[in-house]
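> Structure of the sequence below:
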Amino acid sequence: MRLIPFVAAAVAAVAVLTGGAALAAGVQKSPRSAPQFDGTVYATAYLGDTVYVGGSFGNAIVAGRSYPRARLAAFDARTGALLPWAPGADDTVRGLAADGDSVYAIGDFSRISGAKRDSLAKLGASTGAVDAFSHAIAGSPVAIGVGGGRVYVAGRFTAVDSARRSNLAAFSTATGALDTRWAPTADDTVEALAVAKDRVYLGGRFHKVNGVANALRLTAVDPATGALDKGFLPRPGAVVLAVAVAADGTVVAGMGGQGGRAAAYSPAGREKWTRVFDGDVQAVGALDGVAYVGGHFDKACKTPRNGSQGVCTDGSLPRVKLAAVDGAGRLLDWAPQANGIVGVRTITTSEPLRQVVAGGEFTMIAGAGWKRLAVFG
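Predicted coordinates:
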């Protein structure tokens, strides 16, 4: 893709561990150069050196100038340059996944670049062209992932085309067909999913998966058959809003509830650590042994105890909308300090680029204007 030659400047800073001298995986506190947006960013996805962005925005903003981007955009992750990739959605894009030469989008839209697409679309990664891939979804998809030759979709829906599906579905990346073999069921909304080599992790409001009652809010299913993996049943105490899988297999979950929580689990479902915040953790990512968390919190509690409306009972540290936690559950000094009420809605990481991208409704980072998307690396 041809790059558009305008890039804004960024400032670098180093994050350190609380009470120590170790670096926080080299990810800096100050954002790198990247486009800004005039509406909420709900989704981001890396594909090589490109970051794809979805949301409710109408324009990307570079150096104070607006460029039309109807709820979909892309930029170069290394330079921050806005790319000419610009398919247009007629309503909000809520999830993105990228694989090979394709970008998959889910959301509230009914058309992409004028073509009818019911909440789900496949786009050319270089051209933005709308693929023939098309299905009717009876409900609302809110999470998407790709791996092992399948695109996985989760949310709150009852059918795909004429086939019954209970909040979960998968499609072939090769043919686009609905996978008739993969049909697990969840009894309530699936808010998040993460695709690993041998599992698809699910998080949400559900109490049962495949009719099993102790598959509560966070569990895993087989990526080929959809069978419940009974080796991962951590049963967290609050709704799970985000899930990510680290390189070592650790599962990181972001939760709501009284205040909010970020927690890490072993592949066997054993809790490794929990950090408590004064607001929901809506986004999580993992990079180099560090969990990056985002949400609408303002403070990280010093202990696991919090009270009415999430207020930290035993003291707190300022972590406005963004925070980082190491593999031992220690809060790191990485604190970019975003703003807003809802704050951060999505976090995505890139291991090859050693980057973290956050999107949401914030308009400032560390007191400086930074609208709705920030890249740290």
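
> Could you list every helix and strand in contact with the worst-scoring helix or strand of the chain on mean pLDDT?
Within the chain, no helix or strand scores below strand 368-369, which has a mean of 92 by mean pLDDT, DSSP states H and E. For strand 368-369, not one helix or strand is in contact under the criterion 3 or more Cβ pairs under 8 Å, 6 or more residues apart in numbering; DSSP states H and E. For every residue, glycine as well, the C-beta is placed using N, CA and C.

> which residue is nearest the middle of this protein?
With distances taken as Cα atoms, centre = their mean, the chain has Thr346 as the residue nearest its mean C-alpha position (4.1 Å).

> Now it: closest residue in space that isn't a chain neighbour?
Setting aside the residues directly before and after it, Thr346 is nearest to Gly359 in space (Cβ to Cβ, 6 or more residues apart in numbering), at 4.6 Å.

> quick one: secondary structure of the residue in the chain sticking out farthest from the centre?
Most distant from the centre of the chain: Asp314, at 30.2 Å, with distances by Cα atoms, centre = their mean. Three-state call for Asp314 (DSSP: H, G, I helix; E, B strand; the rest coil): coil.

> Surely the residue nearest to the centre of the chain is in a strand?
Yes. Assessed with three-state DSSP, Thr346 lies in a strand.

> circling back: centre of the chain versus the least confident helix or strand of the chain, how much separation?
For strand 368-369, the separation from the chain centroid amounts to 23 Å (computed by Cα atoms, centre = their mean, to the nearest Å).

> what does stretch 109-125 give?
Its chain's C-alpha centre and that of stretch 109-125 lie 20 Å apart, by Cα atoms, centre = their mean.

> hmm, back to that, ok, for the residue farthest from the centre of the chain, nearest residue in space, not its chain neighbours?
The spatially closest residue to Asp314, leaving aside those adjacent along the chain, is Thr303, at 4.2 Å (Cβ to Cβ, 6+ apart).

> Look up how far Tyr265 lies from the one you found.
Distance, Thr303 to Tyr265, by Cβ to Cβ, to the nearest Å: 20 Å.

> Have a look at the two and say which one is more surrounded.
Higher neighbour count among Thr303 and Tyr265: Tyr265, with 22 against 11, using other Cβ atoms under 10 Å.

> which residues does that one contact?
Listed by Cβ atoms under 8 Å, 6 or more residues apart in numbering, the contact set of Tyr265 reads 218, 232, 234, 250-253, 271-272.

> Who does it form a beta bridge with?
Val251, Glu271 (DSSP bridges).

> Which pLDDT value goes with it?
Per-residue pLDDT puts Tyr265 at 98.

> Against Ala286, how distant is it?
12 Å.

> Ser119: what's its closest spatial neighbour, skipping adjacent residues?
Ile137 (4.8 Å).

> swap in Ala335?
Using Cβ to Cβ, 6+ apart and skipping the chain neighbours, the partner closest in space to Ala335 is Arg319 (5.4 Å).

> One more: Gly148?
What sits nearest to Gly148 in space, not counting adjacent residues and going by Cβ to Cβ, 6+ apart, is Pro223, at 5.3 Å.
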